[in-house]
Structure formats: C-alpha cells, structure tokens
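[1] Sequence first, then the predicted structure:
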There are 2 protein chains.
Amino acid sequence: MAEISASAVKSLREKTGAGMVECKNALIEANGNEEVAIEILRKRGLASVKKKEGRIAAEGIVGSYIHMGGKVGVLVEVNCETDFVARSEDFQNFVKDIAMHICAAEPRFVSKDEVPQDLLDKEREIAREQALSDEKNKNKPAQVIDKIVEGRLSKFYSEVCLLEQPFIKDQSLTVRDLLNSMIAKMGENIKIRRFVRFKMGEGLDKKKEDFASEVAAALKQ
Amino acid sequence: MAEISASAVKSLREKTGAGMVECKNALIEANGNEEVAIEILRKRGLASVKKKEGRIAAEGIVGSYIHMGGKVGVLVEVNCETDFVARSEDFQNFVKDIAMHICAAEPRFVSKDEVPQDLLDKEREIAREQALSDEKNKNKPAQVIDKIVEGRLSKFYSEVCLLEQPFIKDQSLTVRDLLNSMIAKMGENIKIRRFVRFKMGEGLDKKKEDFASEVAAALKQ
C-alpha cells in the first residue's frame, strides 16, 4: 500500500472539495496517483449527485451581477435544499460566478428542455440542409448525415443553454460540471432555476448623430 | 415686491432641485410664499417634461437590488439621453430607488399601456358586477355605475402599474411624479423601460415537514 502524505491529501482536498477521509481513501485506492484519485472522487461525486437530483430544492438565493457600471445586468435564482447552504459563502460565490458567466456567455435558456420545439426544428432543418449541400458529404449514407446533424445540434445547445456552455472561468468544465461539483461538495440538490439578462439599450433606436446637417441648420439661422 | 432672502432661495432649491435663478424668480412671483413658489416651479417643470417626452432615450443603466441577502431580487433598465447623465450620481440613485421600490411594491407592469387587454376586461367585469350587486348602488343611473367602475380600475392601475404606484419612500408622490421631477432636474427624457422581480422559491413546492410520520417511521425500524 502506498504511503499517503498529509500534503497529498491536502492538495486533493483543495482540488475536489471532498472530505479529508474520502480524499485519503481515494488516494490509497489510486496508489497515491492524484489524477486517478480525482477520477475516483468524481465518479463517487456523480453517483451521489444522481441520488440528490430528485430532492426538492426550494431554498436558495436570488443573485445579481452588474457589468461596467450598468451596461449589462443579470438576475439569477439558484435553489438548494436548506437555508443553511443558501447562506454559506461557497453557495453565494457559486451564484455570483453563475451570474457573471451569464453576463459574459449570453445563454438564452437554462437547459435543453427549455429550448422551444419550433426553434429546435428550425435548427435541425438548417443543419440538415447544410450537411446535404456540402460537397464532401455527397454519397454518404443517411446515418452519417444524421450524425452530422446531431453534432451540429449539440453545438447549438452548447451555445444557447447555460448548463451546456463551457464555464467562462474554466473552459475545461461545462456549467453543468460546475453545478455537479457544487452538489457533491454541499451534499444537497442545487438547481439553477431561472435567469434574465438585460443589455442596456438593446433593441432601442439610437439617436442619429448628424453633425453635418446640425451645423448647416445652425449656419442658416 | 417681496424681499427674497438667500436662505429662502436655498431652501426652495433644496426642495425642488431647480436652479438658483429659477428659484429666486419663482419666489418673487409668489411674493415670497414657498408653497406657491413650489407650485410655480412644478408647473414649469412639467411643461418642460412634456417637451422632453418625445426625445429618444437610448443611453442609461441597468440596475439591481437584492433584498435580505437574496430572498428577493430586482433588475431594472432606465434610459436617458446621454451617457453623461447615465453616469451621474443623481441618476444612479434614482435607478437604485426605483429598483428598491419595485422590490417592495411588486408592480407587474411599467405603465398602463402594458396591461394586457384581457386582464383589463376581466377587472372591469369584476368591478361592474361588484358595483351592481352592492345594495347601496340600487336604482343608481348607469353613469354613476360607470364612474364607480372607472374608480375601481384606477385603483387597480395604482396597484399593478409601477408609474401609478405611490412611491415607497414618499407616499405623497407617484413613481410617475418622481420620474417627472428627475426629467425636470436632469433636463433629459428619462424612461423606465423594463424590470423583472424574482422572489426566491415563488411557485416552487416546499418540502413538507411531517415530523409525526417521520418519528413513526423511525420507531418502526
């Protein structure tokens, strides 16, 4: 059995947020290999995440993020199971990160389920037409075309759905990965319920600056 | 002509936000009576507000207010004409006040125009039925009933429309009055464009605390 140092446990703990004993056990199981230990913890975490997903999350907080003195603003509600977790610094920081992410990444929906059917149908149709009109796909069997279309759709999801987007502060994770690691860390079901993003002036007609005619008008007076 | 003291001008200036010369002139016109001077300034302000209402307001800020550590959150966009005004402390405080007001007063729409026709029709029908079924309205002419119904509707507006609500920090003003005084003060058209209010957990099923059956289940084990 590999000798597990306290500093190895500490390092793994910082990286995964798992408990001391869990970290030590994972390192023992992994023969001291940190990468493998992380994998073990992640699998266990995900298993416990799955178990927690059905639980009612009706506590939580509403958080906001205002960018550049008010040019963009985000409001988001994240739910958890207890007020105790809602008040914790970890949870509050998580909500802040999510609000900031929404500000930067402009998702339109929380999850795939929220994408309206007609929008999805339209995207699928466009993807299919593009695939069929591409020279290099000529003579390819229908299943291959289907695969290409599904690939395009999953790209679409990762652009418009918050949970499928790469997290702005760490592009190796999706927001769903981040959420799952929070669920594992806090030991409660956590749900990003809803958000709204206002960009100042979007859709408004801007005043047209027409100095030439302003000057001309002034000269006539 | 009444003698106008500097302290009277200062006091009027603080109350109305109008310029020094304007305040002095209004006091002279009002023979030194502050109440009358305020009335004069308000009428002038409103006249200039009317002129500004048509102007394009495409600058501004998005502001937020989070109540009780995240139990309620508000996001609001307020537009003005120039970035200069948008950055001013007065404007930023105004936006903060509006967000706080929305949090407390729970409006559902910005203005009357936004109330959907079917909701309005339903409210009118309820008001009419209530008026007709009231004993003391028996034998009253149709016009009187109409007046009662209109009275009920304007009460409805003042409950659900932000601009018609009494301002939480000064119930003698409506939010529209406050907005108009800001327009007069800043010399620009200002519009409260849109808002959203999230109450944590609204519409979610809460976990049911059923200690009796929990204890019973524990005893069986």
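    Thanks, I have the structure now.

[2] Would you check that A:Ile40 makes contact with A:Ala30?
    Yes: taking contacts as C-beta atoms under 8 Å, A:Ile40 lies within contact range of A:Ala30: 6.0 Å. Heads up, the C-betas are built off the backbone N, CA and C, glycines and all.

[3] ranges for the strands of chain A?
    A:59-67, A:72-80, A:166-167, A:170-174, A:191-199 (DSSP state E).

[4] want to throw those into a markdown table with mean pLDDT?
    A markdown table is the format used below for these (pLDDT from 0 to 100):
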| stretch | mean pLDDT |
| --- | --- |
| strand A:59-67 | 96 |
| strand A:72-80 | 97 |
| strand A:166-167 | 96 |
| strand A:170-174 | 93 |
| strand A:191-199 | 96 |
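
[5] check contacts around the residue nearest to A:Ile98 when sequence neighbours are not counted.
    Computed as C-beta to C-beta, 6 or more residues apart in numbering or on different chains, the closest residue to A:Ile98 that is not its neighbour in sequence is A:Val76, at 5.7 Å. By C-beta atoms under 8 Å, 6 or more residues apart in numbering or on different chains, the contact set of A:Val76 is A:Val62, A:Gly63, A:Ser64, A:Tyr65, A:Val95, A:Ile98, A:Ala99, A:Ile102, A:Ile192, A:Arg194, A:Phe195, A:Val196.

[6] ok, of these, which come out buried?
    A:Val62, A:Gly63, A:Ser64, A:Tyr65, A:Val95, A:Ile98, A:Ala99, A:Ile102, A:Ile192, A:Arg194, A:Phe195, A:Val196 (16 or more other C-beta atoms under 10 Å in any protein chain shown).

[7] Return the set of residues that bridge with the third one.
    The reference is to A:Ser64. A:Leu75 (DSSP bridges).

[8] Can you spell out the domain ranges of chain A, please?
    A:1-52, A:116-158 (automatic domain parsing).

[9] so how far is A:Leu120 from the residue nearest to A:Cys161 when sequence neighbours are not counted?
    Setting aside the residues directly before and after it, A:Cys161 is nearest to A:Phe109 in space (C-beta to C-beta, 6+ apart), at 5.1 Å. Per C-beta to C-beta, to the nearest Å, A:Phe109 is found 11 Å from A:Leu120.

[10] same thing with A:Glu14?
    Taking C-beta to C-beta as the measure, A:Glu14 falls 41 Å from A:Leu120.

[11] Quick one: low-confidence residue ranges for chain A.
    A:1-2, A:17, A:45-49, A:206-221 (pLDDT under 70).

[12] Now do the helices in it.
    Ranges of helices in chain A, per DSSP state H, are A:6-16, A:20-29, A:34-52, A:83-86, A:89-105, A:117-133, A:142-160, A:175-186, A:211-220.

[13] Any residues of chain A in contact with chain B? List them.
    By C-beta under 8 Å from any C-beta of the partner chain, the part of chain A that sits against chain B consists of A:56-64, A:66, A:69-75, A:77, A:79, A:81, A:86-87, A:92, A:95, A:193-194, A:196, A:198-201, A:204-207.

[14] Give me the neighbour count for the nearest residue to A:Gly201 once chain neighbours are set aside.
    Nearest residue to A:Gly201 in three dimensions, chain neighbours excluded: B:Ala58, at 5.1 Å (C-beta to C-beta, 6+ apart). B:Ala58: 17 surrounding residues under other C-beta atoms under 10 Å in any protein chain shown.

[15] State whether B:Ala58 and B:Thr82 are indeed in contact, as I suppose.
    No: when contacts are counted by C-beta under 8 Å, B:Ala58 is not listed as touching B:Thr82 (9.7 Å).

[16] Next up, the contacts around the residue most central in space within chain A.
    Among the residues of chain A, the one closest to the centroid is A:Val175, at 2.4 Å (C-alpha atoms, centre = their mean). Listed by C-beta under 8 Å, 6+ apart, the contact partners of A:Val175 are A:Ile98, A:His101, A:Leu162, A:Leu163, A:Glu164, A:Gln165, A:Pro166, A:Phe167, A:Ile192.

[17] For these, which two are the farthest from each other?
    A:Pro166 and A:Ile192 (15.5 Å; C-beta to C-beta).

[18] picking up where we left off before, need the strands of chain A in a markdown table with distance to B:Pro116, can you?
    Converted to a markdown table, the strands of chain A look like this (distance: least, C-beta to C-beta, whole Å):
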| stretch | distance to B:Pro116 |
| --- | --- |
| strand A:59-67 | 26 |
| strand A:72-80 | 23 |
| strand A:166-167 | 38 |
| strand A:170-174 | 38 |
| strand A:191-199 | 20 |
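
[19] can you pull the contacts of the nearest residue to A:Glu39 once chain neighbours are set aside?
    Among residues not flanking A:Glu39 along the chain, A:Ala30 sits closest, at 7.8 Å (C-beta to C-beta, 6+ apart). Applying C-beta under 8 Å, 6+ apart, we find A:Ala30 in contact with A:Val36, A:Ala37, A:Glu39, A:Ile40.

[20] Phi first, then psi, for the residue lying closest to the first one once chain neighbours are set aside.
    Read it as A:Val36. Excluding its sequence neighbours, the residue lying closest to A:Val36 (C-beta to C-beta, 6+ apart) is A:Ala30, at 3.6 Å. The phi/psi pair for A:Ala30 (degrees, to the nearest 10) reads phi -90, psi 10.

[21] Distance of the residue nearest to A:Ile98 relative to A:Pro107?
    Taking C-beta to C-beta, one finds A:Val76 at 11 Å from A:Pro107.

[22] Check A:Ile98 too.
    10 Å.

[23] same check, this time on A:Asp205
    For A:Asp205, the distance to A:Pro107 - C-beta to C-beta - is 27 Å.

[24] swap in A:Lys185?
    For A:Lys185 relative to A:Pro107 (C-beta to C-beta), the value is 23 Å.

[25] Which one of the two is surrounded by more residues?
    For A:Lys185 versus A:Pro107, the count of surrounding residues by other C-beta under 10 Å is larger for A:Pro107: 21 against 17.

[26] My read is that the more buried one contacts A:Tyr157, right?
    No: because the distance of 10.2 Å does not satisfy C-beta under 8 Å, A:Pro107 is recorded as not touching A:Tyr157.

[27] quick one on the thing from earlier: more neighbours: A:Phe109 and A:Leu120, which one.
    A:Phe109 (18 against 14).

[28] hang on, isn't that one packed against A:Glu159?
    No: between A:Phe109 and A:Glu159 there is no contact under C-beta under 8 Å: 10.6 Å.

[29] Now do the shared contacts for those two.
    Joint contacts of A:Phe109 and A:Glu159 (C-beta under 8 Å, 6+ apart) do not exist.

[30] In contact with A:Cys103, which residues?
    A:Tyr65, A:His67, A:Val72, A:Gly73, A:Val74, A:Arg197.
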